[in-house]
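>>> okay, predicted coordinates and the sequence, questions at the end:
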Amino acid sequence: MKAIGVHGLTKRFAVKRKAEGMLGSMRSLFRPQYAEKAAVQGIDLEVERGETLAFLGPNGAGKSTTIKMLTGILHPTEGSAEVLGLCPWKDRGRLAYRIGSVFGQKSQLWYHLPPIDSFELMSRIYELKRGDYRSRRDELVRRFELEPYLHTPVRKLSLGERMRCEVAAAMLHRPQILFLDEPTIGLDVVVKQKIRELILDMNRQEGTTVFLTSHDAGDIEQLCRRAVVINYGQAIFDDTVEAMKRDLLTDKSIRLQLLEPGMPFVFEGTRVLRQTDRELHLSVETRRASMEEVLAHLVQHYRVSDITIEDPPMERIITHIYAREEGGAS
Ligand SMILES: Nc1ncnc2c1ncn2[C@@H]1O[C@H](COP(=O)(O)OP(=O)(O)OP(=O)(O)O)[C@@H](O)[C@H]1O
C-alpha cells in the first residue's frame, strides 16, 4: 500500500531582488522587486508503507522544502501529493494525527517544561486515550532510557538527551510515517547509534514508514533501504542504497600490514596511497583491475601479517552522484 505519492511537485519562492548601492536599497524599500526562485522542480515519487527512504541532496537542493510540503506546512506552487491518502496542505490537521516529524535543527518540545509535561500536552493535542497514552509513554521512556531526564526542563538537557526526547515525542501517537530532517545532526556517535536503532525498531515492529533527510552517511546506510537523490529541486537518482553503493563503487581500498619491507608496489589499475616498511595502502579501480589478481599479486610478493579491504565511505559515493550530474553525464 502506498504511503506517499507525489506528482510534479514544485515550489517556487518569491525572493526580494535587492538593487545595488544606497539609492538602490532605498528604491527596493519603497518599490520592492521580486524574482522567482525554484526550490523544488517537478518531483515525482512513490513511497510504499513500511519503506525506509533516504531523501538526499546537497545543501539547498530542496529537501526541507519537500518535507514541508509533504507535512502540509507549505503549499506547493504546482503539482499534487497524497500522504496516507490525504492532501497534506488541505488536510494538515487530519494528517497530523497520523504522521510524526523530527527536525534536527528545531525543537518541538516546550523549552521551559520538562519532557514529561510536553508528552502530556501532546497526548491532549493528539487526543490519545489516557490508558493508551500512559502505556505508550512508559514504553518509549523505557526504550529511549529517558527516565533520568523526564523531569528536567528541556532547556537544561544536553543536545543528545533532548533529541532522544524529541524522537520519542514524535512517536507518542504511533505515527504511520516518520519524517526525519537531519535527526542526528550535532550528536556524538553513541547517541547517533542509539537514535538510529530506535527508529529502526519502530520501522520493524510497527511498520512505520521512514522518510529521512541527512548528510550523515551512517544514517543513510543503517536506516534506509532506498535512496532518492535530488539536486536543483529534481530527482536524479532513485534506487536501493545497496545499488547506489554497487553501481558507484568503482574503487576499493586495500590496507596491508607487512612483516618486512617490500618492493615498491606497481600494478595496472591500482594507486599507492601510502607505502612504508610496515604498511601498504592501495586504491584499486575495480573496473580496470580484478581484486582477485591484485590480492594474489600481493600475497605472492609481500610478507603480510594483516589485510583489510574497505569500500569508500558513503560521503564519497554521494559526492560522486552530485559531480556526475554537474558534469552532465547520465
Ligand atoms: N522561505 C523561503 N524563501 C525563499 N527561498 C527559500 C525559502 N526556503 C527555502 N528557500 C530556498 O530554496 C532552496 C531549497 O531549500 P531547502 O531548505 O529545501 O534545501 P535543503 O535541500 O533542505 O538544504 P540543506 O541540506 O542545506 O538543509 C534553497 O536555495 C533555499 O535558499
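All right, it came through fine.
>>> CA atoms of stretch 209-226 as PDB?
Extracted C-alpha coordinates of stretch 209-226, given in PDB (Å, rounded to 0.1, in the frame of the first residue of the first chain):
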ATOM      1  CA  THR A 209       7.400   4.400   7.100                       C
ATOM      2  CA  VAL A 210      10.700   6.400   7.400                       C
ATOM      3  CA  PHE A 211      11.300   9.400   5.200                       C
ATOM      4  CA  LEU A 212      14.800  10.700   6.200                       C
ATOM      5  CA  THR A 213      17.000  13.600   5.000                       C
ATOM      6  CA  SER A 214      20.500  13.500   6.300                       C
ATOM      7  CA  HIS A 215      24.000  14.400   5.300                       C
ATOM      8  CA  ASP A 216      25.200  11.600   7.600                       C
ATOM      9  CA  ALA A 217      26.400   8.500   5.700                       C
ATOM     10  CA  GLY A 218      25.800   6.400   8.800                       C
ATOM     11  CA  ASP A 219      22.100   7.400   9.000                       C
ATOM     12  CA  ILE A 220      21.600   6.500   5.300                       C
ATOM     13  CA  GLU A 221      23.400   3.200   5.400                       C
ATOM     14  CA  GLN A 222      22.000   2.000   8.700                       C
ATOM     15  CA  LEU A 223      18.400   3.300   8.400                       C
ATOM     16  CA  CYS A 224      17.400   3.200   4.800                       C
ATOM     17  CA  ARG A 225      16.900   0.600   2.100                       C
ATOM     18  CA  ARG A 226      16.100   3.100  -0.700                       C
END
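>>> could you list the buried residues of it?
If you call a residue buried by 16 or more other C-beta atoms under 10 Å, then stretch 209-226 has these buried ones: 209-216, 219-224, 226. Placement of C-beta: from N, CA and C, glycine included.
>>> now, which of those residues sits nearest Gln105?
Thr213 (11.3 Å; C-beta to C-beta).
>>> from Cys224, how far off is Leu212?
Look at Leu212 and Cys224: by C-beta to C-beta, to the nearest Å, they are 6 Å apart.
>>> now the common contact residues for the two.
Thr52, Leu53, Ala54 (C-beta atoms under 8 Å, 6 or more residues apart in numbering).
>>> if we can go back for a sec, of the buried residues of stretch 209-226, closest to Ser80?
For the buried residues of stretch 209-226, the minimum distance to Ser80 (C-beta to C-beta) is 17.3 Å, reached by Phe211.
>>> secondary structure class of that closest one, three-state.
Assigned by DSSP: H, G, I helix; E, B strand; the rest coil, the conformation of Phe211 is strand.
>>> what pLDDT does it get?
As predicted, Phe211 sits at a pLDDT of 97.
>>> and if you look at Ile309?
On the pLDDT scale, Ile309 is placed at 88.
>>> show me what contacts the nearest residue to it once chain neighbours are set aside?
What sits nearest to Ile309 in space, not counting adjacent residues and going by C-beta to C-beta, 6 or more residues apart in numbering, is Ile254, at 5.5 Å. By C-beta under 8 Å, 6+ apart, the contact list for Ile254 reads Leu280, His281, Leu282, Val284, Val294, Leu295, Leu298, Ile307, Thr308, Ile309, Glu310.
>>> how about the helices of the chain, start to end?
Remark: helices assigned in the chain by DSSP state H are 21-30, 63-70, 92-96, 115-125, 130-143, 159-171, 189-206, 217-223, 241-248, 291-301, 314-326.
>>> give me the helices and strands touching the fourth one, please.
With contacts defined as 3 or more C-beta pairs under 8 Å, 6 or more residues apart in numbering; DSSP states H and E, the secondary structure elements packing on helix 115-125 are helix 130-143, helix 159-171.
>>> try the longest one
With contacts defined as 3+ C-beta pairs under 8 Å, 6+ apart, the packing partners of helix 189-206 are helix 159-171, strand 177-181, strand 209-213, helix 217-223.
>>> just checking, Glu310 touches Arg255?
Yes. With contact defined as C-beta atoms under 8 Å, Glu310 and Arg255 form a contacting pair (7.2 Å).
>>> quick one: which of the two has more around it?
Legend: neighbour count by other C-beta atoms under 10 Å for Glu310 and Arg255, higher for Arg255 (15 against 9).
>>> now the more buried one: closest residue in space that isn't a chain neighbour?
Distances taken as C-beta to C-beta, 6+ apart place Thr308 nearest to Arg255, at 4.5 Å, with adjacent residues excluded.
>>> from the ligand, how far off is that neighbour?
To the ligand, Thr308 is 32 Å away according to C-beta to the nearest ligand atom, to the nearest Å.
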